[in-house]
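> this one's structure only:
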């Protein structure tokens, strides 16, 4: 986040932030939820998915497992949907980074937004994830990235979620296919606005996977069209 950069707070200092430190960075009652979310993010004892549950269905102790089951079902169906819509080629394998990459890139084509991504970003899917080449330095990549929204960086060793130019967590590449769940959790935990170039896709994930409804006045024509075609396919 920009305020961390301005305060010269790097990744190595995040775990050392006390509640008072966070309060100094985000003072006032209007920042109460933001302070709580950041405390959860920088303290490894509490998981960001737990915060997602607290926001959406605080009384449902099975929410996370149910959400992951919905994601698995969605992910399975969207592979066939992508092939049918010619957004991706029939997969040669159902496992591995290459396959997940193909599915994630297809998602933005299947649930497109009306707003184009920044030219420096390239593909809209780059707002979601980026597969690092062996010669790419993740720190340099993040500093040059035109968006500050949460992103999954994939390397040979692991996956990393970063917000702005700051890494916040890492996980095994075997769980790359769950990366979008964690991205959504950070959007909720930090009360972030969806980038317009991927807002339709994230709105679909919000309603179909997180099961968090969208107010009628916030339903865009792009969302209505995309979700209508998806419902027709699965029904």
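Perfect, thanks for sending it. Keep in mind that this is a model prediction, so the values were computed, not measured.
> the helix or strand residue 65 falls within - what's its average pLDDT?
Secondary structure from DSSP states H and E places residue 65 in helix 63-84. The average pLDDT within helix 63-84 is 96.
> can you check stretch 137-144 too?
Averaging pLDDT along stretch 137-144 gives 93.
> same for the following helix or strand past the helix holding residue 65, what does it pack against?
Per DSSP H and E, the first helix or strand lying C-terminal to helix 63-84 is helix 97-110. If you count contacts as 3 or more Cβ pairs under 8 Å, 6 or more residues apart in numbering; DSSP states H and E, helix 97-110 packs onto helix 63-84, strand 129-131, helix 179-189. No exception for glycine: its C-beta is placed from N, CA and C like everyone else's.
> buried by neighbour count: which residues of helix 97-110 qualify?
By neighbour count with 16 or more other Cβ atoms under 10 Å, helix 97-110 contains the buried residues 97, 99-110.
> just give me the residue closest to the centre of this protein.
Nearest residue to the geometric centre of the chain (Cα atoms, centre = their mean): residue 183, 2.2 Å.
> so that residue makes contact with residue 161?
Yes. With contact taken as Cβ atoms under 8 Å, residue 183 and residue 161 are classed as touching, separated by 6.8 Å.
> spit out the residues that contact the two alike.
150, 151, 152 (Cβ atoms under 8 Å, 6 or more residues apart in numbering).
> among the residues you listed, which ones are in strands?
Of the shared contacts of residue 183 and residue 161, the ones assigned to strands by DSSP state E are 151, 152.
> quick check on the shared contacts of residue 183 and residue 161: which are buried?
In terms of neighbour count (16+ other Cβ under 10 Å), the buried residues within the shared contacts of residue 183 and residue 161 are 150, 151, 152.
> among the residues you listed, which one sits closest to residue 87?
Nearest to residue 87 out of those is residue 152 (Cβ to Cβ; 19.5 Å).
> before we move on, the earlier item: I'd like the buried ones among the shared contacts of residue 183 and residue 161 written out as a markdown table, with pLDDT added.
Converted to a markdown table, these look like this (pLDDT from 0 to 100):
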| residue | pLDDT |
| --- | --- |
| 150 | 92 |
| 151 | 96 |
| 152 | 96 |
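> and those residues, which is closest to residue 219?
Set against residue 219, the nearest of these by Cβ to Cβ is residue 150 (23.1 Å).
> the closest one and residue 199, how far apart?
Distance of residue 150 to residue 199, given as Cβ to Cβ, to the nearest Å: 14 Å.
> cool, residue 206 as well?
Distance from residue 206 to residue 199, counting by Cβ to Cβ: 10 Å.
> what do you get for residue 115?
According to Cβ to Cβ, residue 115 and residue 199 sit 7 Å apart.
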